[in-house]
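Student: Below is the sequence, then the predicted model.
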Amino acid sequence: KAGVTQTPRYLIKTRGQQVTLSCSPISGHRSVSWYQQTPGQGLQFLFEYFSETQRNKGNFPGRFSGRQFSNSRSEMNVSTLELGDSALYLCASSLDGLGYEQYFGPGTRLTVT
Amino acid sequence: AQSVTQLGSHVSVSEGALVLLRCNYSSSVPPYLFWYVQYPNQGLQLLLKYTTGATLVKGINGFEAEFKKSETSFHLTKPSAHMSDAAEYFCAVTHGTNAGKSTFGDGTTLTVKP
């Protein structure tokens, strides 16, 4: 089976712009979670989608949003980018998220200048 | 609420020595526990997991971990370190009713000296 794929792998944006990141889960996986990884804050949960519905949400401002499509692919969007949004954004998929292990993609490295 | 504490942000061992990475968790309900490894510029790879049943779990690459409820611990061990084990390791906790949301520790960077 193909693993979790994320596009793009690297991205450079300017403050105030918006960005959309994409994640394709492992075939058959219905749960997709997003995490932000930074040196200072570590790995922080953004949100989780299951069957096109947001099922869990972390403590991030409303500038961070996401969605999931009927084929389980997911996108996350960050509007009005700030310097502090520079991070590695990781997507993880699992069968249904109910205690099953998560399989991570390689991440998208976002740099905001 | 759930939380994870990894004791020691950096651990250094000699090749062939025992690897011990410590993880303590806090969870108000029975936890599911995981160890992941991350190599530079890559995502996280699952090493092993504990959900229910046997408290000693074996994972890939010779790693194992023991769930100790009384100590709220889930330490990761490997009898003999290899140079290729040098990476960052993350302990994570979740539970069945909090689907898809894992809480991670701050990570432990393992260095293996020749």
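Tutor: Structure's in. What do you need?
Student: residue nearest the centroid of chain B?
Tutor: By C-alpha atoms, centre = their mean, the mean C-alpha position of chain B lies nearest to B:Trp35, the distance being 3.3 Å.
Student: where does that residue land in three-state SS?
Tutor: Look at B:Trp35: counting by DSSP: H, G, I helix; E, B strand; the rest coil, its state is strand.
Student: For it, give its distance to B:Ser27.
Tutor: To B:Ser27, B:Trp35 is 16 Å away according to C-beta to C-beta, to the nearest Å. C-beta: built from backbone N, CA, C; applies to glycine.
Student: Next: B:Gly16.
Tutor: Distance from B:Gly16 to B:Ser27, by C-beta to C-beta: 35 Å.
Student: Those two: which has the busier surroundings?
Tutor: B:Ser27 (18 against 11; other C-beta atoms under 10 Å in any protein chain shown).
Student: Run through the bridge partners of the more buried one.
Tutor: B:Gln2 (DSSP bridges).
Student: Likewise for B:Leu44?
Tutor: Going by DSSP bridges, B:Leu44 forms beta bridges with B:Gln38.
Student: With the one 4 residues further on instead?
Tutor: When bridges are assigned using DSSP bridges, the partners listed for B:Leu48 are B:Trp35.
Student: How about the one 10 residues further on?
Tutor: Taking DSSP bridges, one obtains B:Glu64 as the residues bridged to B:Lys58.
Student: Residue numbers of chain B in contact with chain A?
Tutor: Residues of chain B lying close to chain A (C-beta under 8 Å from any C-beta of the partner chain) are B:32, B:34, B:36, B:41-46, B:49, B:51, B:90, B:94-96, B:98-107.
Student: Out of those residues, which end up buried?
Tutor: Taking 16 or more other C-beta atoms under 10 Å in any protein chain shown as the criterion, what is buried in those is B:32, B:34, B:36, B:43-46, B:49, B:51, B:90, B:94-95, B:98-105, B:107.
Student: how close does the nearest residue to A:Val32 once chain neighbours are set aside sit to chain B?
Tutor: The shortest distance from A:Val32 to any non-neighbouring residue, by C-beta to C-beta, 6 or more residues apart in numbering or on different chains, is to A:Ser74 (4.1 Å). Distance from A:Ser74 to chain B, counting by C-beta to the nearest C-beta, to the nearest Å: 11 Å.
Student: Same question for A:Asn71.
Tutor: Counting by C-beta to the nearest C-beta - A:Asn71 and chain B are separated by 18 Å.
Student: cool, and A:Ala92?
Tutor: Counting by C-beta to the nearest C-beta - A:Ala92 and chain B are separated by 8 Å.
Student: does that residue sit in a helix, a strand or a coil?
Tutor: strand.
Student: What about it, how many residues nearby?
Tutor: 28.
Student: bridging residues for it?
Tutor: According to DSSP bridges, beta-bridge pairing links A:Ala92 with A:Ser33, A:Phe104.
Student: quick one, what contacts it?
Tutor: Going by C-beta atoms under 8 Å, 6 or more residues apart in numbering or on different chains, A:Ala92 touches A:Val4, A:Val32, A:Ser33, A:Trp34, A:Tyr35, A:Gln102, A:Tyr103, A:Phe104, A:Gly105, B:Leu44.
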